[in-house]
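J.: need a 3D model of the sequence below.
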Amino acid sequence: MTTTDDRSLKTTADHSLEEFGYRQELHRSLGRYASFAAGFSFISVLTTVFQFFAFGYAFGGPVFFWAWPAVLVGQLLVAACFAELAGRYPLSGAIYQWSSRLSNPSFGWFAGWIMVIGQIVVVAAAALALQMVLPALWSGFQLIGTDSTPTSPDGAANAAVLGVVLLVLTTLVNILDNRVMSVINRVGVTAEIIGAVLIVVLLLTHSRRAPGITFHTGTAAEGGLLGALLVGSFTAAYVMIGFDSAGEMSEETHQPRRTAPRTILTALSAAGLLGGLVILGGLLAAPSLTDGHLGVDGLSYVLTSSLGDGVGRVLLADVVVAIAVATLAIQTAASRMLFSMARDGQLPFASRLARVNPRTGMPGAPAVVVGVLAAVLLLLNFASPDAFLAIGTTCIVLLYLAYAMVTGPLLVRRLRGEFRAEGADETGAPLFSLGRWGVPVNAVALLWGLVMAVNLAWPRGAVYDPAGGHWYFRWFTVLFLTGTVVVGGAWRLVRAESRRAVAATRTLAANET
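T.: Predicted coordinates for the structure are as follows:
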């Protein structure tokens with residue numbers, strides 16, 4: 001039964017956009033758990049840990065585990081800054097909106113542009129994760145060739161095919177209705193959490209060695225302990241992004257000023273805890289740390305070999321659900337970013353991209369654009385198996401840079417004394433605030449993001465071009481980022497010139513009159 005207070009809170013939320021100059025078009029139907037699910041499913045522990053565990057172990061050995069808590073602490077600092085902003089600016093296109101309002105429209109536009117391109121690449125990378133699980137679940141899912149290893153030509157091509165099929169399905173869901181999308185998201189996240197807990201419990205109860213093994217670098221580690229941790233951090237860095245999705249969905253969330261800050265932090269904390277335990281369990285339960293399987297087949301090998309085919313396959317099926325829901329959530333977040341920027345007239349074909357179906361409450365065109373562009377990126381896998389890692393790392397770097405384009409201006413505002421902690425949420429309670437810890441937390445968050453972006457983009461030949469002869473994959477992240485900025489800058493120049501021409505024509509016509 002809906003009380004008078006509940007109706008009052010709903011009305012307040014429905015009119016919260018007016019102060020920002022927008023009207024409510026997206027359907028506001030998400031509660032606290034759905035908001036949490038938006039962030040948790042983007043992070044998607046099972047998707048990303050299963051996808052990048054083998055890579056982290058191959059380059060770092062068991063010690064790569066310790067990169068996980070280090071990345072979690074760094075990302076929690078960023079999330080704390082975002083939680084403050086989510087309460088003050090409960091808008092779709094969070095990174096774009098926050099950066100624009102903290103700095104200036106041009107800087108904010110580039111933050112949004114880099115973020116949305118990064119999100120599109122993340123969609124492609126998430127869809128590729130099916131290759132790590134489906135063939136292990138049933139050999140019939142290996143549609144191309146016989147070698148299911150993602151770094152083999154057969155595996156890379158098959159990953160692209162499976163990914164495209166998944167993108168077709170997620171695009172359809174993203175067009176249907178946000179209530180349908182929310183139900184799928186909530187059910188999927190619940191299944192993922194239950195599956196992750198079961199995996200942790202089963203792996204820990206099947207341990208073959210003590211936790212002290214995590215202090216060993218292994219024979220594969222490059223550059224000693226520091227090198228092992230730097231490259232091993234790729235796994236954690238790829239997992240712990242997207243917690244801002246709760247902010248992206250603010251215009252569809254009840255009481256967003258109260259809900260979004262909390263779900264940003266809880267989604268990242270829950271994912272960080274579960275993911276760390278899954279990695280630890282995998283290291284302790286693996287049949288062998290030296291037979292080469294962990295660095296190639298990853299956690300899928302651990303589940304099926306340690307827990308038996310029956311239990312292992314059931315848990316792998318749960319991972320498939322997690323991958324599908326993660327791809328859906330990431331595509332949804334990217335669609336909201338496109339919608340938000342288009343609503344401000346900041347993108348080509350803005351009027352079409354900003355259109356919301358009044359019946360479904362969904363911006364359909366952005367979902368289609370994201371799905372098509374992500375599918376095009378998947379075709380790179382046909383060119384070379386090395387594209388798998390290039391795509392994954394590129395998306396992380398783009399998101400880390402976009403995050404820094406928020407924490408940077410926010411720090412400047414704090415140092416100038418221009419960022420205030422005042423304000424109340426929909427219930428009248430004070431907004432989330434870091435208080436006197438704002439400056440140190442913000443400063444470390446910014447430094448952390450920049451250092452990690454450099455670490456991830458560094459053109460290590462052993463990482464990005466192990467076979468040699470593909471210089472463009474070694475420099476793929478740098479080239480892609482440069483291309484993203486150049487294309488965005490070129491469009492803004494053309495757009496500005498077009499507006500000046502229109503203004504001049506109007507002025508001339510007025511003078512002649």
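J.: give the buried residues for the helix or strand containing residue 477.
T.: Using DSSP states H and E, residue 477 maps to helix 476-512. For helix 476-512, a neighbour-count test (16 or more other Cβ atoms under 10 Å) marks 476, 477, 479, 480, 481, 484, 488 as buried. Just so you know, the C-beta spots here come from the backbone N, C-alpha and C atoms, and that holds for glycine as well.
J.: again with stretch 88-104
T.: Neighbour-count burial for stretch 88-104 [16+ other Cβ under 10 Å]: 88-103.
J.: nearest to residue 367 among these?
T.: residue 92 (13.3 Å; Cβ to Cβ).
J.: doesn't the closest one fall inside a strand?
T.: No. Per DSSP: H, G, I helix; E, B strand; the rest coil, residue 92 lies outside any strand segment and is coil.
J.: residue 388 versus that one, what's the distance?
T.: 31 Å (Cβ to Cβ, to the nearest Å).
J.: sketch out the low-pLDDT regions of the stretch 101-250 of the chain for me.
T.: 218-223 (pLDDT under 70).
J.: one more time with 50, if that's ok
T.: 221 (pLDDT under 50).
J.: next, the angle from the helix or strand that contains residue 376 to helix 476-512.
T.: Residue 376 is part of helix 364-378, with elements assigned from DSSP H and E. With axes from the mean of the first three to the mean of the last three Cα atoms, to 10 degrees as the basis, helix 364-378 and helix 476-512 are set at 140 degrees to each other.
J.: tell me which residues are up against the following helix or strand past helix 364-378.
T.: Sequence order places helix 380-383 as the next helix or strand after helix 364-378, per DSSP H and E. Contacts with helix 380-383, where a contact means Cβ atoms under 8 Å, 6 or more residues apart in numbering, come from 128, 156, 157, 159, 160, 163, 387, 388, 390, 391.
J.: taking these, please make a ChimeraX selection of just the buried ones.
T.: Buried members of these can be picked out in ChimeraX with the line below, counting by 16+ other Cβ under 10 Å:
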select :128,156,157,159,160,163,387,388,390,391
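J.: wait, which of the contacts of helix 380-383 is closest to residue 25?
T.: Using Cβ to Cβ, the contacts of helix 380-383 come closest to residue 25 at residue 163, 30.8 Å.
J.: wait, isn't the closest one in contact with residue 130?
T.: Yes. Residue 163 is within contact range of residue 130, at 6.3 Å (criterion: Cβ atoms under 8 Å).
J.: circling back to that earlier point, and the helix holding residue 376, what does it pack against?
T.: helix 105-128, helix 153-176, helix 309-343, helix 350-353 (3 or more Cβ pairs under 8 Å, 6 or more residues apart in numbering; DSSP states H and E).
J.: residue 234 is nearest to which of these?
T.: helix 105-128 (12.0 Å).
J.: what's the angle between the closest one and helix 364-378?
T.: 60 degrees.
J.: now the helix or strand following helix 105-128, how far from the centre of its chain.
T.: Tracing the chain C-terminally past helix 105-128 and defining elements by DSSP H and E, one meets helix 134-137 next. Taking Cα atoms, centre = their mean, to the nearest Å, one finds the center of helix 134-137 at 24 Å from the center of the full chain.
J.: so which residues make contact with helix 134-137?
T.: 141-142, 148, 155, 158, 162, 297, 300-301, 304, 313, 316-317, 320.
J.: 6 Å instead, please
T.: The contact list for helix 134-137, computed with Cβ atoms under 6 Å, 6 or more residues apart in numbering, reads 141, 142, 148, 300, 313, 316.
J.: elements contacting the host helix or strand of residue 53?
T.: Following DSSP H and E, the helix or strand that holds residue 53 is helix 45-60. Applying 3 or more Cβ pairs under 6 Å, 6 or more residues apart in numbering; DSSP states H and E, one finds that helix 45-60 contacts helix 178-205, helix 224-239, helix 256-285, helix 298-306, helix 309-343.
J.: make CSV out of the ones you listed and add mean neighbour count and distance to residue 382.
T.: Output for these, formatted as CSV (neighbours: other Cβ atoms under 10 Å; distance: least, Cβ to Cβ, whole Å):
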stretch, mean neighbour count, distance to residue 382
helix 178-205, 19, 29
helix 224-239, 22, 22
helix 256-285, 24, 30
helix 298-306, 23, 23
helix 309-343, 25, 19
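J.: show me the one of the ones you listed that comes nearest residue 121.
T.: helix 309-343 (9.5 Å).
J.: okay, now the unreliable bits of this structure?
T.: 1-13, 221.
J.: run the last query once more with 70
T.: 1-15, 218-223, 421, 502, 508-510, 512-513.
J.: who's in contact with the residue positioned nearest the centre of it?
T.: With distances taken as Cα atoms, centre = their mean, the residue of the chain nearest its centroid is residue 242 (3.4 Å). Residues near residue 242 by Cβ under 6 Å, 6+ apart: 42, 43.
J.: name the nearest residue to residue 350, sequence neighbours excluded.
T.: residue 342 (4.3 Å; Cβ to Cβ, 6 or more residues apart in numbering).
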